[in-house]
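Enquirer: Build me a model from this:
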Amino acid sequence: MASHTVLKEQLTEMGFDDRKITRELKRLGSKATIESAIEALELAQNRGSDDDEAAGGVGTDDEEMASDKTTSTSASDGQNNGEAGAAAAAAPETEAEREAKRLLYEEKIKQRRIERAAKEKEEALKREVQRRQDGKGMGKMKEELEQLARIRAAEEMRREKAEEKRVRDAVLQQIAADREEHRRRAAGETNSTSTAAAAATTATVTAAAAVVTPTVPKDGKCRLAIRMLDGQQLINEFDAREQLSAVRVFVYTRAPVEGDISFVMPPNRAFNDDDMEKPLSALGLCPSARVHVIKR
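Expert: Have a look, this model is predicted:
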């Protein structure tokens with residue numbers, strides 16, 4: 001005979017109410033089996049409210065105990081023998097009946113488990129539906145934030161590209177102007193009787209003008225197109241107050257250049273060590289210019 005703890009676990013697994021299980025097992029006492037407990041619980045479920053069931057159960061037990069006591073006190077030996085004979089004459093439960101009852105209770109247990117599994121599945125489905133509904137709201141908010149971030153990133157990229165294009169166009173315009181100036185000077189030098197003297201004079205006058213009248217743009221920037229030793233061209237924007245040595249550092253950081261380097265501004269102005277300590281505005285490199293990297 002199984003203990004009340006084991007019976008309670010089995011009955012709870014079948015889906016019976018915990019409070020009803022405790023009450024019926026207490027009422028059945030040591031005679032409780034899984035079959036008798038199921039019968040008692042189903043009978044109690046069909047009778048109605050728990051309070052009426054409890055009251056009815058207690059009254060029945062008291063009446064049976066009182067009847068047994070009265071019968072035991074007042075009955076004669078002959079009556080006791082008659083009762084014993086009647087009990088002995090009662091037919092015992094056959095093996096087939098016990099097997100049929102066992103199969104019946106097993107089927108009831110199986111059905112209870114199926115019902116409980118179906119109920120748990122239904123509750124899990126409801127929880128999943130609620131979780132998905134909550135997730136949809138969060139997902140929509142996240143999608144809106146991501147869309148806003150993409151729009152801001154695209155706007156920032158457009159601004160950066162527009163600024164880069166503006167700087168590049170300014171440098172290219174300056175390069176074109178330098179080339180045109182070089183072409184005009186070359187044409188003038190062809191007709192000159194003293195090319196070297198004219199070039200030296202022009203370079204001296206240009207350098208003097210650059211030192212005496214430094215040009216500082218309104219935005220304080222100096223845009224340089226730097227032609228590297230391998231022919232590659234770098235375009236960058238510097239502060240007009242920076243020294244020419246800052247441009248040299250920039251070149252070292254952007255390309256693997258070995259040894260000491262300097263710069264030449266076409267057509268023929270070369271910068272020396274003293275120029276490296278001068279600001280770009282004082283060297284005539286503002287607002288934009290083109291310089292070549294040379295090895296010293």
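
Enquirer: does Ile261 have beta-bridge partners, and which?
Expert: In this entry, Ile261 is beta-bridged to Lys295, by DSSP bridges.

Enquirer: I figured it hits Met276, correct?
Expert: No - between Ile261 and Met276 there is no contact under Cβ atoms under 8 Å: 10.5 Å. For every residue, glycine as well, the C-beta is placed using N, CA and C.

Enquirer: can you pull up the bridge partners for Lys221?
Expert: Asp239.

Enquirer: burial count for it?
Expert: Using other Cβ atoms under 10 Å, Lys221 is surrounded by 17 other residues.

Enquirer: what sits against it?
Expert: Each residue near Lys221 by Cβ atoms under 8 Å, 6 or more residues apart in numbering is listed here: 237-240, 286-287.

Enquirer: Distance-wise, check Ile235 relative to Arg248.
Expert: 16 Å (Cβ to Cβ, to the nearest Å).

Enquirer: mind showing which ranges of the stretch 1-150 of the chain have poor pLDDT?
Expert: The stretch 1-150 of the chain contains residues with pLDDT under 70 at 1-2, 48-93.

Enquirer: Mind jotting down where the helices sit in the protein?
Expert: Here the chain has its helices, by DSSP state H, at 4-13, 18-28, 34-47, 50-74, 77-89, 95-191, 195-212, 244-254.

Enquirer: Give me the helices and strands touching the second one, please.
Expert: Under the contact definition 3 or more Cβ pairs under 8 Å, 6 or more residues apart in numbering; DSSP states H and E, helix 18-28 sits against helix 4-13, helix 34-47, helix 50-74.

Enquirer: Would you indicate which residues of the second one are buried?
Expert: Same thing as helix 34-47. For helix 34-47, a neighbour-count test (16 or more other Cβ atoms under 10 Å) marks 34, 37-41, 44 as buried.

Enquirer: I'd like those residues as a markdown table, with distance to Tyr105 appended.
Expert: Shown next, in a markdown table, are those (distance: Cβ to Cβ, whole Å):
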| residue | distance to Tyr105 |
| --- | --- |
| Ile34 | 7 |
| Ala37 | 10 |
| Ile38 | 6 |
| Glu39 | 9 |
| Ala40 | 13 |
| Leu41 | 12 |
| Ala44 | 17 |
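
Enquirer: so what sits against both of Ile261 and Met276?
Expert: Residues touching both Ile261 and Met276 (Cβ under 8 Å, 6+ apart) are Arg248.

Enquirer: Ile135: neighbouring residues, count only.
Expert: Check again: residue 135 is Gly, not Ile. Residues near Gly135, counting by other Cβ under 10 Å: 10.
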